[in-house]
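J.: Predicted model, plus sequence, below.
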Protein chains: 2
Amino acid sequence: MPIRLYELVTTDARALSPFVWRIKYALAHKGLDFETVPVGFTEIPKLCGSRYKTVPIIEDGETTVCDSWAIADYLDEAYPDRPKLFSSPQERAMIRFFDSWFGLEIMNRMFSINVLDIHNHAREEDQPYFRKSREARLGGKTLEQFINGREARLPELNHALRPMRAALAASPFLGGHKPNYADYIALGGFLWTSAICTMPLLASDDKLNDWLERGFSLYDNLGKVAGYPLSA
Amino acid sequence: MPIRLYELVTTDARALSPFVWRIKYALAHKGLDFETVPVGFTEIPKLCGSRYKTVPIIEDGETTVCDSWAIADYLDEAYPDRPKLFSSPQERAMIRFFDSWFGLEIMNRMFSINVLDIHNHAREEDQPYFRKSREARLGGKTLEQFINGREARLPELNHALRPMRAALAASPFLGGHKPNYADYIALGGFLWTSAICTMPLLASDDKLNDWLERGFSLYDNLGKVAGYPLSA
């Protein structure tokens, strides 16, 4: 029986969670069959006996796991003979650092550019919840006010991406010769934005486009479902 | 015969290279005996038949290796039965990312705070070389002009350190339960500055002080030689 993965989607069924994307890649990395169940923001708290508030959630037979890190650890434990997501505790610790960096320096900046686009692509019944919960984090600003002048944030985002460019100048993936969970974290962030963002994030000659192309092509073009160009 | 490590020092014999510090920790991690040879900036090009321009340089019997990454790789290759610096190619790739991040976001900011202090602690015969080579990177500014207003750079440095704080909230070392080469890279940066900087970088209640204390205490207090407090 394939693993079931609950996945947040837009009105037109585009995958809309960077954290779900990580797990799609993780499942593909391990060669595990999975099926996705599309849900909207306000459906999540009703899933699995109302135990969870966020996706990804997986159901694997009798086992239910929520949270991308918990799922990644579960997959390595439950399927030790499949390709490992974490080659060693040390690699895992370094990917935790990468995740902290990517969240604080990159995803936060992406959010400040794409949050109104996410709202506009959410299912109509989810939009009021999305607006209310996100505006609560914006110090009294509306989504519209928050993204006002977002073009000026692109140089800062591009500046913040320098460490990734430097690492990817030395190897095709963040994980080295082969992709690892850090690649999946970062690809998930770009896929999140590419699914809905109305403003390109990268210049067309940005070297990161080569890595995105490699990453979106992995596992039978897993990331090309979104199919939206990221570069200007 | 112990490995010989050429090490850049101040007038009062304080270790002055973040890259040499990494290798001191790497040698200690592998349990290898080593002796240090103190040198000044202008002596480096005369060492080892004038083959190199930077430290660290190690001499291990007939083998001479320059550059901290080349040395780290050499140590794992030459001493495979000792504790590994890199548990897997994936961990090594992630530490390369960490090194890029730490160089671009942290060491560059430390440099903008400590560069005149380095000059003032360099051997007298090295000071003209140091000033000339560093000022060439500063777009026409003198060292004094460059560090003018450096207090205002502390908040930015502290902001940039957030990903390290986040990772170290989850585990005692960047490498997880035990220190890895990423810890040595970061400890080297702080030791570099602590040896000479006349301005504390961290607030006394910064959680990074706990990690610094753990890191400086490793391997019989290897990092406590410098012995200069970093926090206000």
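T.: Received it, and whenever you're ready, just let me know what you need. Residues are numbered from 1 along each chain as shown, chains lettered A, B, ... in the order given.
J.: State the number of residues packed around A:Trp192.
T.: 25 (other Cβ atoms under 10 Å in any protein chain shown). Using the backbone N, CA and C atoms, a C-beta is placed for each residue, glycine as well.
J.: mind listing what it touches?
T.: Counting by Cβ atoms under 8 Å, 6 or more residues apart in numbering or on different chains, A:Trp192 touches A:Leu16, A:Ser17, A:Pro18, A:Trp21, A:Met110, A:Asn114.
J.: pLDDT wise, what is the residue lying closest to A:Ile44 once chain neighbours are set aside at?
T.: Leaving aside its chain neighbours, A:Ile44 sits nearest to A:Val55 (5.9 Å; criterion: Cβ to Cβ, 6 or more residues apart in numbering or on different chains). What the model reports for A:Val55 is a pLDDT of 84.
J.: quick check, A:Val55 in a helix?
T.: No. Counting by DSSP: H, G, I helix; E, B strand; the rest coil, A:Val55 is not found in a helix; it is coil.
J.: wouldn't it be in contact with A:Phe19 here?
T.: Yes. Counting by Cβ atoms under 8 Å, A:Val55 touches A:Phe19, with 6.8 Å between them.
J.: Between these two, tell me which one has more neighbours.
T.: A:Val55 (24 against 18).
J.: show me what contacts that one?
T.: When contacts are taken as Cβ under 8 Å, 6+ apart, A:Val55 is in contact with A:Tyr6, A:Glu7, A:Leu8, A:Ser17, A:Phe19, A:Val20, A:Val39, A:Ile44, A:Cys66.
J.: Would you confirm that A:Asn180 contacts A:Pro172?
T.: No. A:Asn180 sits out of contact with A:Pro172 when judged by Cβ under 8 Å, with a separation of 11.7 Å.
J.: Compare those two (neighbour count), which wins?
T.: Counted by other Cβ under 10 Å, A:Asn180 and A:Pro172 do not tie: A:Asn180 has more neighbours, with 27 against 15.
J.: Quick check: phi and psi on that one?
T.: Phi and psi for A:Asn180, reported as degrees, to the nearest 10, are phi -130, psi -170.
J.: go on, A:Pro38?
T.: Phi and psi for A:Pro38, reported as degrees, to the nearest 10, are phi -70, psi 130.
J.: Can you tell me the closest non-neighbouring residue to it?
T.: By the measure of Cβ to Cβ, 6+ apart, the closest residue to A:Pro38 outside its immediate chain neighbours is A:Val9, 4.2 Å from it.
J.: any idea which helix or strand carries A:Lys141?
T.: If you go by DSSP states H and E, A:Lys141 is not part of any helix or strand.
J.: separation between it and B:His29?
T.: 49 Å (Cβ to Cβ, to the nearest Å).
J.: Then A:Gln90?
T.: 12 Å.
J.: more crowded one of these two?
T.: For A:Gln90 and B:His29, the more surrounded residue by other Cβ under 10 Å is A:Gln90, and the numbers stand at 29 against 23.
J.: Now do the host helix or strand of that one against helix B:89-101, angle only.
T.: If you go by DSSP H and E, A:Gln90 is part of helix A:89-101. Relative orientation of helix A:89-101 and helix B:89-101, computed by axes from the mean of the first three to the mean of the last three Cα atoms, to 10 degrees: 40 degrees.
J.: Next SSE downstream of helix A:89-101?
T.: Downstream of helix A:89-101, the next assigned helix or strand under DSSP H and E is helix A:108-121.
J.: list the helices and strands that next one packs on?
T.: Judged by 3 or more Cβ pairs under 8 Å, 6 or more residues apart in numbering or on different chains; DSSP states H and E, helix A:108-121 is in contact with helix A:127-135, helix A:143-147, helix A:154-160, helix A:181-196.
J.: A:Arg4: neighbour count?
T.: A:Arg4 is flanked by 16 other residues according to other Cβ under 10 Å.
J.: Is it bridged to anything, and to what?
T.: Beta-bridge pairing for A:Arg4 (DSSP bridges): A:Glu35, A:Glu59.
J.: Surely it and A:Val37 touch.
T.: Yes. Judged on Cβ under 8 Å, A:Arg4 makes contact with A:Val37 at a distance of 5.9 Å.
J.: is it true that A:Pro89 touches B:His177?
T.: Yes. Between A:Pro89 and B:His177 there is a contact at 6.9 Å, judged by Cβ under 8 Å.
J.: anything in contact with each of the two?
T.: Counting by Cβ under 8 Å, 6+ apart, A:Pro89 and B:His177 have no common neighbour.
J.: ok, these two, which is more surrounded?
T.: Shown here are A:Pro89 and B:His177; by other Cβ under 10 Å, A:Pro89 has more neighbours (16 against 10).
J.: Chain B versus the residue nearest to A:Pro38, what's the distance?
T.: Distance, A:Val9 to chain B, by Cβ to the nearest Cβ, to the nearest Å: 29 Å.
J.: residues near that residue, how many?
T.: 21.
J.: Per-residue pLDDT of it, please?
T.: With respect to pLDDT, A:Val9 scores 86.
J.: Who does it form a beta bridge with?
T.: Residues in beta-bridge contact with A:Val9 (DSSP bridges): A:Ala15.
J.: Touching, it and A:Gly40? I think so.
T.: Yes. If you go by Cβ under 8 Å, A:Val9 and A:Gly40 touch, sitting 7.2 Å apart.
J.: Common neighbours of these two, please.
T.: A:Arg123.
J.: wait, what's in contact with the closest residue in space to A:Ala166 that isn't next to it in sequence?
T.: Closest residue in space to A:Ala166, ignoring its immediate chain neighbours: B:Ser100 at 3.7 Å, by Cβ to Cβ, 6+ apart. Taking Cβ under 8 Å, 6+ apart, we find B:Ser100 in contact with A:Arg162, A:Pro163, A:Met164, A:Ala166, A:Ala167.
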